[in-house]
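Participant: Sequence and predicted model, in that order:
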Amino acid sequence: MHRRNFNLGNRWKVPSVLASPQALALWPAATLALVWFGGQPVLLIILVILPLLLAPPKFFEQNKNNSRKTDGFENAVEDALSQAARRFRKTACMIAEIDSFEQLRDRFGLSDTEDIQVKLATRLVLAIRDCDQVYPLAPGQFGFVIDPVRQFDADIALQMAKRVQDALQEPISVGSATAHVSVSIGVCLEGSIRSRTSLELIDATFAALMDARRNAPSAIRMYSPGLLHATADETDGEEEVLHALKMGQICAWF
């Protein structure tokens, strides 16, 4: 059986071991022995180090450069593309994003919002195949890479995206409250891009996500070769309208 690929790092392996029933049964005796032989310095070390080991990882914090992509995600996409080409198979990239993430964070606070993201990431892992890989990107944003398969067309991709969306949009318990989130998803098949590089596939998937944002909440959009050009044209058109309004070139006819 394949291991589910969810890249939260190895820090959670330590808390799971320390929190096992066997370990908890030994903690009082072990602590007493350490304090007995080591004295106050050892006690202080225990009080400082143990909470750090048991604390959940701050995995969803943005990096200093506020980058939307992680090296791990890019490497995973590159590896999937390489395998697909070598084995004559198909792959795809998808990015799911919580709609109105800032409002969610303002309502629930940083700690509860991080907990929500961890729960959503767990749901995402369970909604896809064991061999597919999930990477948290920017806060409220998850990228996942499809392990190369023989058949993976637009219909299959949209069905998979809808299944993921349904799983993520189930109500989430947050303490005594319940969070209701909507999620938009951008999808790109590797056959939809020309050079088939990891950067191009990721950029195309983000373009599909941007299209989904414009149709949010709960939108799913598939990348097509003309999407980036259409997005640029739309932006240029908006700027022309704003300029015309400022210059008084648009007047009501009634």
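Facilitator: Done, it's in.
Participant: Run through who's touching the helix or strand hosting residue 144.
Facilitator: Residue 144 belongs to strand 141-145 when elements are defined using DSSP states H and E. Under the contact criterion CB atoms under 8 Å, 6 or more residues apart in numbering, strand 141-145 has outside partners 68, 73, 76-77, 80, 91-98, 101, 120-121, 124, 128, 132-137, 164, 202, 205. In this view, the C-beta of every residue, glycine as well, is placed from N, C-alpha and C.
Participant: Are any of the residues you listed buried, and if so which?
Facilitator: Using 16 or more other CB atoms under 10 Å as the burial test, the contacts of strand 141-145 include 73, 76-77, 80, 91-98, 101, 120-121, 124, 128, 132-137, 164, 202, 205 as buried.
Participant: on that earlier part again, please name the strands paired to the strand holding residue 144 in the sheet, noting orientation.
Facilitator: Paired neighbours of strand 141-145 in the sheet (DSSP bridges): strand 92-98 (antiparallel), strand 133-136 (antiparallel).
Participant: how about that strand: buried residues?
Facilitator: 141-145.
Participant: helix or strand right after it?
Facilitator: helix 154-168.
Participant: Select from the strands paired with strand 141-145 the stretch with the lowest mean pLDDT.
Facilitator: Mean pLDDT is lowest for strand 133-136 among those, at a mean of 93.
Participant: Just the CA trace of that strand, in CSV.
Facilitator: Once non-C-alpha atoms are left out, strand 133-136 reads as follows in CSV (Å, rounded to 0.1, in the frame of the first residue of the first chain):
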residue,chain,number,x,y,z
GLN,A,133,1.0,14.6,-3.2
VAL,A,134,-0.3,17.6,-1.2
TYR,A,135,1.6,20.7,-0.4
PRO,A,136,0.4,23.7,1.6
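Participant: Quick one: residues contacting residue 73.
Facilitator: Neighbours of residue 73 in contact, by CB under 8 Å, 6+ apart: 135, 137, 143, 145, 202.
Participant: In these, find the pair that's most separated.
Facilitator: 137 and 145 (11.9 Å; CB to CB).
Participant: For residue 137, give its distance to residue 95.
Facilitator: Counting by CB to CB, to the nearest Å, the separation of residue 137 from residue 95 is 7 Å.
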